[in-house]
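Colleague: Turn this into a model:
(chains A and B)
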Amino acid sequence: MTKSPEFAEDGVPQGFVASGPHAYKSRGVAKVTRDSSAPPDTWLLVLRGEFDRDTVPCLRAALDDAQAGGAARIALDLSGVTFGDSSFLNELLEARTRAGELVLVGPFTGQIRRLFELTGTGGILSLAPDRDSAGLA
Amino acid sequence: MEFWLRRQCRPPAGPGAAAEARREVHRLADQALFVGHVVSRASEDDAALIASELVAHADGACVLELRLASDGLDILVMGARPPFPAPTGRGPYVFWWDLVTMLARDVTVRRRTPSSGAVVRVHVDAERPAR
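Modeller: Numbers count the residues shown, from 1 in each chain, chains lettered A, B, ... in the order given. As a prediction, this is how the structure comes out:
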């Protein structure tokens, strides 16, 4: 599935680039790839890098694809996420209202754990400490 | 109050400004270590998030200044845009300014005047325990 090469928000190009099927990159520092080793009804998306207002579009595109692909369950591997801000958090909260089932898979880096604790995210979103406990390879 | 370290930068407006702000915080923390002052990893992370949010919402060119002193770390953004009341009614939602004020020890907002833009100053401790 391809996306348009430029994703503009507020008229400012976000530098979002589609790199091919199941790879979504934001220019510079954030990347989402689909891990096909997951069970068939699950979309396992692996996030790497720093997710802020500028780079979150690549996550949104991946989540849109997962929803369009009929995923019953979306698992987001956040173990490689070194930074997330309010935009990232709100994208996750929004994803939960759209997906069938959403689980965030750790282990989470310090900054992400701090973000979740500060905002009580664990009370709203499903958090799994690692892939095993999420039922993934 | 004498500052141990001070860094100032003008992140280029547009995407990447927030990332540049975070890099400045990490450079300051590295520099601090080099001259013998410790900024804990936890405080560095908090400062990076604060600087990132303030610069992201400055809507254009702003000046970021970081100051490390014995009582902690100051993050100043000249040209910042502290928010009007937050949007509501969209289900669970975290407002960026709330994140900044939750992490800070204190926050000072100097409102815009005809001759100068707003300045937001956020203070965090340099050594927040990691857990």
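
Colleague: Any residue of the longest helix along chain B touching chain A?
Modeller: Of all the segments assigned as helix in chain B under DSSP state H, the longest by residue count is helix B:17-34. Yes - in this structure, helix B:17-34 sits against chain A according to C-beta under 8 Å from any C-beta of the partner chain; the contacting residues are B:17-19, B:22. Glycine gets a C-beta too; all of them are placed from N, C-alpha and C.

Colleague: for that helix, packing partners?
Modeller: Under the contact definition 3 or more C-beta pairs under 8 Å, 6 or more residues apart in numbering or on different chains; DSSP states H and E, helix B:17-34 sits against strand B:5-9, helix B:41-56, strand B:63-69.

Colleague: isn't B:V38 right next to B:A32, touching?
Modeller: Yes - using C-beta atoms under 8 Å, B:V38 and B:A32 qualify as a contacting pair, with a distance of 6.9 Å.

Colleague: now chain B, which segments are flagged as low pLDDT?
Modeller: Residues of chain B that meet the criterion pLDDT under 70 lie in B:1, B:85-90, B:115-116, B:129-131.

Colleague: Quick test: name the residue nearest the centre of chain B.
Modeller: Closest residue to the average C-alpha location of chain B: B:A51 at 2.9 Å, with C-alpha atoms, centre = their mean.

Colleague: That one contacts B:A21, correct?
Modeller: Yes - applying C-beta under 8 Å as the test, B:A51 and B:A21 come out as touching, 4.2 Å apart.

Colleague: Quickly list what's touching both of these two.
Modeller: Counting by C-beta atoms under 8 Å, 6 or more residues apart in numbering or on different chains, the shared contacts of B:A51 and B:A21 are B:L64.

Colleague: For the helix or strand that contains A:T33, which outside residues touch it?
Modeller: With the criterion set as DSSP states H and E, the secondary-structure element containing A:T33 is strand A:30-35. By C-beta under 8 Å, 6+ apart, the list of residues contacting strand A:30-35 from outside reads A:22-25, A:43-51, A:55-56, A:58-59, A:61-62, A:77.

Colleague: Would you show me how to pick out the buried ones of those in ChimeraX?
Modeller: Restricted to buried positions by 16 or more other C-beta atoms under 10 Å in any protein chain shown, the ChimeraX selection for these reads:
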select /A:22,24,25,43,44,45,46,47,48,49,50,51,55,56,58,59,61,62,77
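
Colleague: May I see the buried residues of the longest helix of chain B?
Modeller: Within helix B:17-34, the residues that count as buried by 16+ other C-beta under 10 Å are B:17-25, B:28-29, B:31-32.

Colleague: Between the residues you listed, which sits nearest B:G72?
Modeller: Relative to B:G72, the closest of those is B:A32; by C-beta to C-beta it sits at 11.5 Å.

Colleague: Identify the residue nearest B:E44 in space, chain neighbours excluded?
Modeller: In space, B:E44 comes closest to B:A29 once its chain neighbours are excluded; the distance is 4.5 Å by C-beta to C-beta, 6 or more residues apart in numbering or on different chains.

Colleague: Sorry, slip of the keys, the one I care about is A:R96.
Modeller: Once chain neighbours are set aside, the closest to A:R96 by C-beta to C-beta, 6+ apart is A:L102, at 4.8 Å.
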